[in-house]
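J.: Quick one, what's the 3D model for this:
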Amino acid sequence: MTAPAPPGSGPLSAAEARRSGLRNFRAVFAGRLVSALSVWMALAVLAKLSDPATVGLYALAQALCIPIAETAKMSLREVRSSDTGQEFSFGDYLGLRLLAAAAALLLMLAAGLVQSGGTAVMLLILLYALARCAELVSDMIYGLFQAHERMEYIGRSLCLLGPLSLLMLAGGYWLTGSLIIAVLGQLAAHLAVLCFYDLPRGRQRARIRGDGFRPRWQPAQLARLARLALPLTFATLLIIIALYFPRLVVERVLGLAELGLFAAVLALAMAPDRLINAMGIAASVRLARHFAAGRRAEFLRLLTTLTLGVTAGGLAGLLLCALFGSEILRFVYTEAYAAQHGLLVWLMAAATLRGAANILRYGVVAARRFWWLGAQNGAAALVAVAACLILIPRYGLPGAGAAMVLVFAVQLAIVLAALAQALKSPALLSGAPKPRALKPAPHTESQP
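T.: This next block holds a predicted model:
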């Protein structure tokens, strides 16, 4: 016997249906804009207050911790946003995320032990790892807001976290000259926003919609959810290799100071990435509903509009960097970075390709073609490893930039192939909703 759906799990109310995609986008866009500026300005402030070696040390902590933390997300937000049939409760998602965060913390500490023998560096990595774990919990609460299309909560949280984290990092380093104290301030900012905003708003929203907010620890359900998320988790791991392997090769081959230069220029080029993700997040639930209901024209129209907007912005940025790259780097950072004009152009080209691939990725997720993402990122990871090992030792930092262009060109090509395959779905071709959306049949209700 099928259990009754909890309140809020069915169709949106009339008031919620009037909540336009544009309004959702504005809410997340504001938060992501502030967050992107804050993340980029963190490196800019360190570059202004210190030297490339200090920036490189901070980038090393990122290169060790972020890949593990991003993989530990298991793309549960994407799975949640495409779970139109309410197969899992929020408690299942939260329980699995907490287990993944605990495992990620241990792995980040192990990576720090392997990479560094110094106590100070290990302490820095520990503090940065704890901040990433707090972010993992907040991210899952964002998934609850996203599923209910209450993007304003995500936007407000990011608007609180970004400036507070930047203030604590900059103030800590300016007052003490210690990178450890600065990162400790970032950890305090993450914990403050999690405890005083995300958790209270999450409980409130779960109570209103009847989702339940406590993590659930049912092994069979968690195992089923983990299996469903496995393709996206694997895909995330592979693309993280593609993104962060160049940094590790730069540090190993060229040194910590060169890593600082590369990380700072990369942060500037990739700054719009969070805004692009904001667009995808705001549209993800609608894309999933269009696809599930067989509305091919609406699905394609929304996805095409987003992709053209992202591509146009990337090309404009590429032209600007080609003309004024040295001046931009000198103004944003210091004279030491102005010589990396060529690297900035390479990385802006890579960022343009990545932006188009990332926004199209939300269409693949909406179609639940998760294994395509694994293939896409697997190819990107292989290209990254081969290109970095060949190009960086031979050409230095410009070789790292060229490697990233190759990586994202491969990623874009494969995500386009995935969408072409998804659009051959009979339901989409006919333009008719799936039968179970109109009249559930007994054999289609085997899943809760």
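
J.: Could you pull up the residues touching residue 124?
T.: Residues near residue 124 by CB atoms under 8 Å, 6 or more residues apart in numbering: 57, 61, 179-180, 183. For every residue, glycine as well, the C-beta is placed using N, CA and C.

J.: and if we set it to 6 Å?
T.: 61, 180, 183 (CB atoms under 6 Å, 6 or more residues apart in numbering).

J.: same check, this time on residue 233
T.: residue 74.

J.: Near residue 320, how many other residues are there?
T.: Neighbour count of residue 320, defined by other CB atoms under 10 Å: 12.

J.: ok, for it, nearest residue in space, not its chain neighbours?
T.: residue 328 (7.6 Å; CB to CB, 6 or more residues apart in numbering).

J.: now for the helix or strand containing the one you found, which elements pack on it?
T.: Under the criterion of DSSP states H and E, residue 328 resides in helix 296-332. Counting contacts by 3 or more CB pairs under 6 Å, 6 or more residues apart in numbering; DSSP states H and E, helix 296-332 packs against helix 273-292, helix 335-338, helix 341-366.

J.: if we can go back for a sec, how close does the residue nearest to residue 320 get to residue 311?
T.: Relative to residue 311, residue 328 is positioned 21 Å away (CB to CB, to the nearest Å).

J.: Tell me which stretches of the stretch 101-250 of the chain form helices.
T.: Applying DSSP state H, counting those that start in this stretch to the stretch 101-250 of the chain gives helices spanning 119-147, 151-176, 179-193, 199-209, 219-253.

J.: As CSV, the ones you listed with mean pLDDT and distance to residue 360 would be great.
T.: As requested, those are exported to CSV (pLDDT from 0 to 100; distance: least, CB to CB, whole Å):
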stretch, mean pLDDT, distance to residue 360
helix 119-147, 90, 19
helix 151-176, 92, 21
helix 179-193, 95, 31
helix 199-209, 85, 30
helix 219-253, 85, 14
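
J.: Include distance to residue 50 when you put the ones you listed into JSON lines, please.
T.: Below are these laid out as JSON lines (distance: least, CB to CB, whole Å):
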{"stretch": "helix 119-147", "distance to residue 50": "14"}
{"stretch": "helix 151-176", "distance to residue 50": "7"}
{"stretch": "helix 179-193", "distance to residue 50": "8"}
{"stretch": "helix 199-209", "distance to residue 50": "34"}
{"stretch": "helix 219-253", "distance to residue 50": "17"}
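
J.: right, and these - which one's nearest residue 332?
T.: Nearest to residue 332, of all the helices of the stretch 101-250 of the chain, is helix 151-176, at 14.8 Å by CB to CB.

J.: So which elements touch that closest one?
T.: So helix 151-176, by 3+ CB pairs under 6 Å, 6+ apart, packs with helix 21-49, helix 119-147, helix 179-193.

J.: Which elements pack onto the first one?
T.: What that stands for is helix 21-49. Helix 21-49 packs on helix 52-72, helix 151-176, helix 256-269, helix 273-292, going by 3+ CB pairs under 6 Å, 6+ apart.

J.: what's in contact with the first one?
T.: By CB under 6 Å, 6+ apart, the list of residues contacting helix 52-72 from outside reads 46-47, 100, 104, 107-108, 111, 115, 124-125, 128-129, 132, 236-237, 240, 244, 247-248, 256-257, 259-261, 263-264.
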